[in-house]
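> show me how the following folds:
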Amino acid sequence: MFRHATKIFAGCLLIVAGTVTLVPAQPPSVPRMTERILDKASYVELAKQWKEYISKNGESPEALINMGIAHEYSGQKEAAMAAARRAVEIGPDHAEALAYLGKLLAKFNQDLDTATEYLEQSIALAPDQQYALTELATIHLKRGELAKSRKVFKTVFEQRIFSRPLQDYAYNMLIGLPTGAILVTNGDWDTFPPLALQSGMGFRTDVAVVNRSLLQLSDYARAVFDTYPAIKPKGKLEMVDGPALPATLLKKMVADDDIAVHFAATVAIGALGFEPDLVLDGVGWRSYKKGRSPEASAVLFLGTYRLDSATDWSFAWDLVPNVSRMMKNYVACAIQLAQDAGVSNATKERLLDQASEIATFHDMEQMLALIESCRQGE
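Residues are numbered from 1 along each chain as shown. Purely as a prediction, here's the structure:
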């Protein structure tokens, strides 16, 4: 009887195995660039795999979105747009498809009105649709509609779109800034979380969070100065849209002794278009002489910052390596603070211990080598 049952079981395995070989395996999901960046050849290959998968298994919004993202990142704009439109055509109530089409309309066609319609439809269907929320907030910022963007960021906060490591990083960027300061940021993940904290919690709303890239748009720049008139540089401002505008505005703000300008650690200082005289202050840089001493800055770092989430084992770091790379800023700033002559030996060791803990957790071999060199006084 056992032998008979074994034969039946083996036969079932053959049927299952045969079935698997007949159905093509689904290709891996295409990661968004905010999650992980691949090389162009990988995106081309993924686009090919998803196209073949769709031809054999039929269309679905999910498959079309994946193919569209792969086309988008490999530079095939028209193919990406076609995939996004088809995804909405067959899935008119598919929140992610609506969000993706809205994003591409804003990105490639600059059709912000239609993009907004699709994004709002997506959010109505799925209030926690991350990509729709962040894209809609970006459109409002580009248009200088800061009040509308704050409403979206309030939803972002309430829906817990950003992980705890990113929320804590935003908290740490804001907590030590002087009243009425400017925080100049660089990308999505150092701009959106602090804006969400401000809108969702009313935390440090006195600080003007200013995205350097968006400063290319005069509508955005004017809206920032209207909202925070104290940070508007003195004198006449010629605001013409373009890549030169951020350097012009930031240079004037840095030159004004009454404005406390801070740069996030994520900002590429060498790409600003001018060379400000900066001092490390916590997890960022300040461009003016008034401020904390190195020892006080280290105390802020060690005693006030929320750093536990940087080594949280429960967080899925492997799925979002860009978040792990954000944590590298803690390590770099701690090392630099530890090397300052104004920091006591005891504080130096505490800074290096904190940096070592984070670097070890995230397998930052080069940073660990720098920490050891610093301990040796090299």
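> is it true that Ala181 touches His262?
Yes - assessed by CB atoms under 8 Å, Ala181 is found in contact with His262 at 5.6 Å. Using the backbone N, CA and C atoms, a C-beta is placed for each residue, glycine as well.
> and these two? Which one has more around it.
In this view Ala181 and His262 are compared by other CB atoms under 10 Å, and His262 has more residues nearby, 26 against 22.
> ok, that one to Phe274 distance?
16 Å (CB to CB, to the nearest Å).
> what does Gln121 give?
From Gln121 to Phe274 the distance is 43 Å (CB to CB).
> comparing those two, which residue is more hemmed in?
Gln121 (19 against 11).
> what residues of stretch 158-167 count as buried?
With burial defined by 16 or more other CB atoms under 10 Å, the residues of stretch 158-167 counted as buried are Gln159, Ile161, Phe162, Ser163, Pro165, Leu166, Gln167.
> same question, stretch 122-138
In stretch 122-138, counting by 16+ other CB under 10 Å, buried: 122-123, 125-126, 129-138.
> what pLDDT is listed against the most centrally placed residue in the chain?
In the chain, the centroid-proximal residue (CA atoms, centre = their mean) is Trp189; its distance is 2.3 Å. With respect to pLDDT, Trp189 scores 91.
> check which helices and strands the strand or helix carrying it sits against.
Using DSSP states H and E, Trp189 sits in helix 188-201. In terms of contacts (3 or more CB pairs under 8 Å, 6 or more residues apart in numbering; DSSP states H and E), helix 188-201 is packed against helix 130-142, helix 146-158, helix 164-175, strand 182-185, strand 208-211, helix 321-338.
> okay, these in CSV with distance to Val283 and mean pLDDT next?
As requested, these are exported to CSV (distance: least, CB to CB, whole Å; pLDDT from 0 to 100):
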stretch, distance to Val283, mean pLDDT
helix 130-142, 22, 97
helix 146-158, 21, 97
helix 164-175, 5, 97
strand 182-185, 11, 97
strand 208-211, 15, 97
helix 321-338, 5, 95
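> how about the buried residues of stretch 122-138 in TSV, adding distance to Ile335?
Below are the buried residues of stretch 122-138 laid out as TSV (distance: CB to CB, whole Å):
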residue	distance to Ile335
Ser122	42
Ile123	42
Leu125	46
Ala126	42
Gln129	39
Gln130	33
Tyr131	35
Ala132	39
Leu133	35
Thr134	32
Glu135	36
Leu136	38
Ala137	34
Thr138	33
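> and the residues you listed, which two are the farthest apart?
With distances taken as CB to CB, the most widely separated pair in the buried residues of stretch 122-138 is Leu125 and Thr138, at 19.7 Å.
> my guess is Ser163 contacts Phe315. True?
Yes - counting by CB under 8 Å, Ser163 touches Phe315, with 6.4 Å between them.
> name the residues contacting each of these two.
Val323 (CB atoms under 8 Å, 6 or more residues apart in numbering).
> now do the buried residues in stretch 79-94.
Ala79, Ala80, Met81, Ala83, Ala84, Arg86, Ala87, Val88, Gly91, His94.
> any chance of the residues you listed in JSON lines, with pLDDT, secondary structure and distance to Gly102 too?
As requested, those are arranged in JSON lines below (pLDDT from 0 to 100; DSSP: H, G, I helix; E, B strand; the rest coil; distance: CB to CB, whole Å):
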{"residue": "Ala79", "pLDDT": "97", "secondary structure": "helix", "distance to Gly102": "18"}
{"residue": "Ala80", "pLDDT": "97", "secondary structure": "helix", "distance to Gly102": "13"}
{"residue": "Met81", "pLDDT": "97", "secondary structure": "helix", "distance to Gly102": "12"}
{"residue": "Ala83", "pLDDT": "98", "secondary structure": "helix", "distance to Gly102": "14"}
{"residue": "Ala84", "pLDDT": "98", "secondary structure": "helix", "distance to Gly102": "9"}
{"residue": "Arg86", "pLDDT": "98", "secondary structure": "helix", "distance to Gly102": "15"}
{"residue": "Ala87", "pLDDT": "98", "secondary structure": "helix", "distance to Gly102": "12"}
{"residue": "Val88", "pLDDT": "98", "secondary structure": "helix", "distance to Gly102": "9"}
{"residue": "Gly91", "pLDDT": "97", "secondary structure": "coil", "distance to Gly102": "14"}
{"residue": "His94", "pLDDT": "98", "secondary structure": "coil", "distance to Gly102": "12"}
